[in-house]
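Chemist: Sequence below, structure please.
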Amino acid sequence: MDDFERFSFLAALGGLGLSVILSLVTLVRRIRKSGGKAVSYQASDYPGTITAIAGLIFLTISILSRWVITGHGPFSNMYEFAVGFAWGAAFMGLFFQWRHRAAIIRAIGTLVASALLIFASMLPSKPVPLVPALQQSFLLSVHVASAILAYGSFSIGFGVAVLFLIQRERKFHWLPDAAFLDNVSYRSVVIGFPLLTLTIVLGAIWANIAWGAYWSWDPKETASLVTWLLYAGYLHARVLGGWREKRAAVLLIIGFVAVLFTFLGNYVFSGLHSYR
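Modeler: Next comes the predicted model:
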């Protein structure tokens with residue numbers, strides 16, 4: 001790893017991790033001051049937000065510096081895609097905070113991003129030459145970028161679904177109300193599902209160019225399709241079947257487990273996507 005890239009990576013991990021800690025400290029202080037009364041989820045959390053933005057900027061610099069060095073985007077090994085996934089989670093956390101004025105949603109994104117960067121730090125990071133199948137640079141870059149954003153959005157939906165189940169059972173005064181959380185989790189899929197669809201379509205086009213077939217039932221292709229079907233089922237059940245609240249939240253959690261299974265499938269599957 002280049003020294004500048006390493007510095008940017010560590011600064012990103014520090015910024016995002018510090019954002020999680022500062023948000024937790026801010027929340028604890030507000031709970032103590034509230035004396036058991038409701039705490040507004042729309043209250044400002046400037047320290048957590050500023051450090052999250054700084055972390056995202058440093059992570060962007062790290063990815064771009066590696067792109068300049070290697071000549072390709074974050075798709076040649078697991079380290080690069082884990083960093084890209086972290087970027088998507090951090091970005092979507094900030095986007096949903098801006099959209100819904102809820103700092104706790106941004107904290108979900110920064111927490112997931114921090115965990116992914118810690119995971120990435122334990123992986124081999126040395127750049128390797130692209131195999132021939134990965135040399136369709138523009139198409140593959142858009143394919144991976146859409147996957148990164150889709151996974152980031154689904155990570156927000158997963159975290160909010162977990163908060164919904166907690167709030168539904170316990171009624172914590174420091175959490176947003178259950179109806180708000182249910183709505184945000186739905187909106188995360190409204191954003192993530194088209195991006196996942198684009199990922200699969202572009203992946204099929206790239207596969208035809210690289211391997212001569214649009215679909216080969218490669219294990220990771222199949223896992224992506226299962227993930228797509230789960231989120232399609234969620235949207236169908238919610239829009240047409242009237243699923244709300246607990247059933248919808250459980251389905252979102254299952255969907256994100258499928259996302260992680262697809263993401264980590266390189267350690268389980270062989271096949272055309274078996275990079276490390």
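Chemist: Pull out the buried positions in the helix or strand hosting I104.
Modeler: Take DSSP states H and E as the rule and I104 turns out to sit in helix 103-121. Buried residues in helix 103-121, defined by neighbour count with 16 or more other C-beta atoms under 10 Å: 103-117, 119-120. (C-beta placed from N, C-alpha, C; glycine too.)
Chemist: again, but for stretch 169-180
Modeler: Buried residues in stretch 169-180 (16+ other C-beta under 10 Å): W174, L175, P176, A178, F180.
Chemist: and the direction of the host helix or strand of F95 versus that of helix 103-121, what angle?
Modeler: F95 belongs to helix 78-100 when elements are defined using DSSP H and E. Helix 78-100 and helix 103-121 are oriented at 170 degrees to each other (axes from the mean of the first three to the mean of the last three C-alpha atoms, to 10 degrees).
Chemist: on that earlier part again, from the contact counts, what lies against the helix or strand that comes right after the helix holding I104?
Modeler: Note on helix 103-121: by DSSP H and E, the next helix or strand toward the C-terminus is helix 137-170. Contact partners of helix 137-170 among helices and strands, from 3 or more C-beta pairs under 8 Å, 6 or more residues apart in numbering; DSSP states H and E: helix 78-100, helix 103-121, helix 178-211, helix 245-263.
Chemist: T26 is nearest to which of these?
Modeler: The closest of the helices and strands packed on helix 137-170 to T26 is helix 103-121. By C-beta to C-beta, the value is 7.8 Å.
Chemist: re earlier: ok, the buried residues of stretch 169-180 vs V162, which is closest?
Modeler: Of all those, V162 sits closest to L175, with 10.9 Å by C-beta to C-beta.
Chemist: ok, now which ones touch the closest one?
Modeler: L175 makes contacts with Y41, I104, L163, I166, Q167, L181, as judged by C-beta atoms under 8 Å, 6 or more residues apart in numbering.
Chemist: quick one: which of those residues is nearest to L24?
Modeler: In terms of C-beta to C-beta, no member of the contacts of L175 lies closer to L24 than I104, at 10.1 Å.
Chemist: L181 is in contact with the closest one, correct?
Modeler: No - with contacts counted by C-beta atoms under 8 Å, I104 stays clear of L181, the gap being 9.4 Å.
Chemist: list the residues that contact both of the two?
Modeler: Common contacts of I104 and L181 (C-beta under 8 Å, 6+ apart): L163, L175.
Chemist: helix/strand/coil for G242?
Modeler: coil (DSSP: H, G, I helix; E, B strand; the rest coil).
Chemist: A248 versus that one, what's the distance?
Modeler: Here G242 is placed at a distance of 10 Å from A248 (C-beta to C-beta, to the nearest Å).
Chemist: same thing with W206?
Modeler: 33 Å.
Chemist: Likewise for I166?
Modeler: I166 is 15 Å from A248, by C-beta to C-beta.
Chemist: that older thread, what about G242 and A248, which has more around it?
Modeler: Shown here are G242 and A248; by other C-beta atoms under 10 Å, A248 has more neighbours (23 against 9).
Chemist: Apart from its chain neighbours, what residue comes closest to that one?
Modeler: Spatial nearest neighbour of A248, chain neighbours left out: R238 (5.7 Å); criterion: C-beta to C-beta, 6 or more residues apart in numbering.
Chemist: I191 now?
Modeler: S153 (4.7 Å).
Chemist: So what's the residue count around H236?
Modeler: If we define neighbours as other C-beta under 10 Å, then H236 has 11 of them.
Chemist: In three-state terms, label it for me.
Modeler: H236 is classified as helix under three-state DSSP.
Chemist: quick one: pLDDT of it?
Modeler: Model confidence at H236, given as pLDDT, is 91.
Chemist: try the one 5 residues further on
Modeler: According to the predicted model, the pLDDT of G241 comes to 76.
Chemist: again with the one 5 residues further on
Modeler: What the model reports as pLDDT for K246 is 86.
Chemist: That one against E169, yeah?
Modeler: No - look at K246 against E169 with C-beta under 8 Å: they stay out of range, at 9.4 Å.
Chemist: where are the low-confidence patches of the stretch 151-276 of the chain?
Modeler: For the stretch 151-276 of the chain, the stretches flagged by pLDDT under 70 are 266-276.
Chemist: let's see 80
Modeler: 168-174, 207, 210-220, 241-245, 265-276 (pLDDT under 80).
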